[in-house]
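1. what's the 3D shape of this:
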Amino acid sequence: MENIILTVHLIVALCLIGIVLVQRSEGGGLGVGGGGGGATSGRPAISALGKLTWVFGIAFVITSISLTVIAARNASSGSVLDGAVTSAPAGDAAPSGDALLPPTLPTTGDAPLAPPRIDE
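-> Just a heads-up that it's a prediction; the model follows:
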């Protein structure tokens, strides 16, 4: 069932992209910078391509929600990382304590040796 909905979802997405690209750009999609008569003119009737865009948009949202519900239902209660993390064998244990510290500089007497000075 999930594969069928996913296939329909991909087809709807491609159709939606195609329909949007075919439509003529009217400019000012939010009513800004319109044209014609300004506030006195009414909004033109929606075209067939506009109706088809709405149909594909609604179908896209429905298939998206359906896929989300199916994925949530099929998900196990554990984390994805639970199966990926494996315990290391006892012989390959990670170092601990002082082995994690960086090496120290050798000392002479009470003061540590300074790093060599590079003159420019």
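2. Give me the distance between Val22 and Leu6.
-> 25 Å (C-beta to C-beta, to the nearest Å). Quick note: C-beta positions are derived from backbone N, CA and C, even for glycine.
3. Tell me which of those two has more neighbours.
-> Using other C-beta atoms under 10 Å as the criterion, Val22 and Leu6 rank with Leu6 on top: 14 against 10.
4. element containing that one?
-> In the assignment (DSSP states H and E), Leu6 maps to helix 2-22.
5. Can you give me the buried ones in that helix?
-> 5, 8-9, 12, 15-16, 19 (16 or more other C-beta atoms under 10 Å).
6. Poorly predicted segments of this structure, please.
-> In the predicted model, the chain carries pLDDT under 70 at residues 26-43, 78-116, 120.
7. ok, longest helix in it?
-> Looking across the chain with DSSP state H, the single longest helix is helix 48-74.
8. Run the angle between it and helix 2-22 for me.
-> For helix 48-74 against helix 2-22, the angle by axes from the mean of the first three to the mean of the last three C-alpha atoms, to 10 degrees is 150 degrees.
9. who does helix 48-74 touch, helix- and strand-wise?
-> helix 2-22 (3 or more C-beta pairs under 8 Å, 6 or more residues apart in numbering; DSSP states H and E).
10. which outside residues touch the helix it packs on?
-> Helix 2-22 has contacts (C-beta atoms under 8 Å, 6 or more residues apart in numbering) with 49, 52-53, 56-57, 59-60, 63-64, 66-67, 70-71, 74.
11. Out of these, the closest to Asp119 would be?
-> Ala71 (65.1 Å; C-beta to C-beta).
12. gap between the closest one and Leu16?
-> From Ala71 over to Leu16 the distance is 21 Å, taken as C-beta to C-beta.
13. Check Thr7 too.
-> 15 Å.
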